[in-house]
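K.L.:
need a 3D model of the following:
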Amino acid sequence: MDIDTDSGVDKEARRKLITASILCFIFMLGEIVGGYLANSLAIMTDAAHLLTDFASFMISLLAIYLAARPPSQKMSFGWYRAEVMGALMSVLMIWLVTGVLVYLAIRRIIDAQYDVDGKIMLITSMVGVVVNIIMAFTLHQYGHGHSHGGISHGHSHAKPEPKHTKTPVADGNCDTSINKPEQKENINVRAAYIHVIGDLLQSIGVMVAAIVIYFHPHLKIADPICTFIFSFLVLLTTINILKDALQVLMEGTPRGLDFNEVKSSLYEIPGVVEVHNLRMWSLTTTKAAVSVHLALSDHKDSRRVLRVANKLLRQRFNIKEVTIQLEQFLPEMADCKRCQEH
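P.N.:
Numbering: from 1, shown residues only. Predicted coordinates:
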């Protein structure tokens, strides 16, 4: 486990989320009061989204805490996916609240309830824009972000480097240049950042609506219309977070890893005749796992092949968990359709 690197990422993620939570909670109370005094559904919508964001920040902080817990007999991979579950719950929560607010906006149009105080609405929305900009800067991330073996299994742990470097992997006849990612990003901080960007867009929209209502009081229908437009935008900004979370939970191929490239790279290792049962999946959006069977022409090279394959997968492809099984090559493997497909 990458204790130094991971704890650094977690501490930074916690710091960002705690700071954003404090700002979010304080301004949420201010918007509730301002929305009530102005009788503005658009501002109440913004306040409700801030409430959702605050709750999602709390979920994210809990998820980061759980993800830092070490593996156990019952949770052999640890609690990494708690982060992904936290991000998923956060997205679903904001979708639920958005649906409720759209319904209220429809009711307001049907009932023609447009008694809005444009001045209070304008002041509150302007403050909202400033606070959301501060929160966005607080949460912004500049980086975007166990091996087993022996003759049958070897055991080794990767320690990814946070800086972007080119490193040669050389062992025997295997020499490969690798690119490493510059920095890892936390999916919960990313989800929180996306939420805040959505709120910033909505706050700008509310401010525009407030300006219209302030100077043209007969256009107070702009209040519920603003709710429709920016609720839709908030939904759009969360789609990618949902996709990434589902990709991890469905154990899809990690983002940025090419199945055929990994397989062909393993074939390039001297002594490897057949590569099959290659499996690649995500533990989180920043941690990948791979298991593979390598058939060898000569078991005398098994230790060297295991060492080179581990180094290749860990350093070139930045794999967190690697499981390699070495086998004696048999002629029937060449005709095995299932082996060739995987």
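K.L.:
next SSE after the particular helix or strand that has residue 243 in it?
P.N.:
Element membership for residue 243 (DSSP states H and E) is helix 222-249. Heading C-terminal from helix 222-249, the first helix or strand you meet, by DSSP H and E, is helix 259-267.
K.L.:
which helices and strands does the lengthiest helix in the chain pack with?
P.N.:
Scanning the chain for the longest helix, with DSSP state H as the assignment, gives helix 3-38. Helix 3-38 makes packing contacts with helix 41-67, helix 118-139, helix 187-215 when contacts are defined by 3 or more C-beta pairs under 8 Å, 6 or more residues apart in numbering; DSSP states H and E. Placement of C-beta: from N, CA and C, glycine included.
K.L.:
can you list these in CSV and add distance to residue 12, mean pLDDT and mean neighbour count?
P.N.:
Converted to CSV, the helices and strands packed on helix 3-38 look like this (distance: least, C-beta to C-beta, whole Å; pLDDT from 0 to 100; neighbours: other C-beta atoms under 10 Å):
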stretch, distance to residue 12, mean pLDDT, mean neighbour count
helix 41-67, 10, 76, 24
helix 118-139, 11, 84, 20
helix 187-215, 8, 79, 24
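K.L.:
any chance of CSV for these, columns distance to residue 274?
P.N.:
Putting the helices and strands packed on helix 3-38 into CSV (distance: least, C-beta to C-beta, whole Å) gives the following:
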stretch, distance to residue 274
helix 41-67, 37
helix 118-139, 47
helix 187-215, 36
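K.L.:
nearest to residue 112, out of the ones you listed?
P.N.:
helix 41-67 (12.9 Å; C-beta to C-beta).
K.L.:
what's that closest one packed up against?
P.N.:
helix 3-38, helix 82-111, helix 118-139, helix 187-215, helix 222-249.
K.L.:
coming back round to it: tell me the buried residues in the helix holding residue 243?
P.N.:
222-231, 234-235, 237-238, 241-242, 244-245, 247-248 (16 or more other C-beta atoms under 10 Å).
K.L.:
show me the domain layout of this protein.
P.N.:
The chain breaks down into these domains under automatic domain parsing: 3-143+185-249, 166-182+254-341.
K.L.:
and the last one, how far out from the chain's middle?
P.N.:
Domain 166-182+254-341 has its average C-alpha position 26 Å from the chain's average C-alpha position, going by C-alpha atoms, centre = their mean, to the nearest Å.
K.L.:
same thing with stretch 101-118?
P.N.:
Worked out by C-alpha atoms, centre = their mean, stretch 101-118 lies 35 Å from the chain centre.
K.L.:
right, I'll leave it there.
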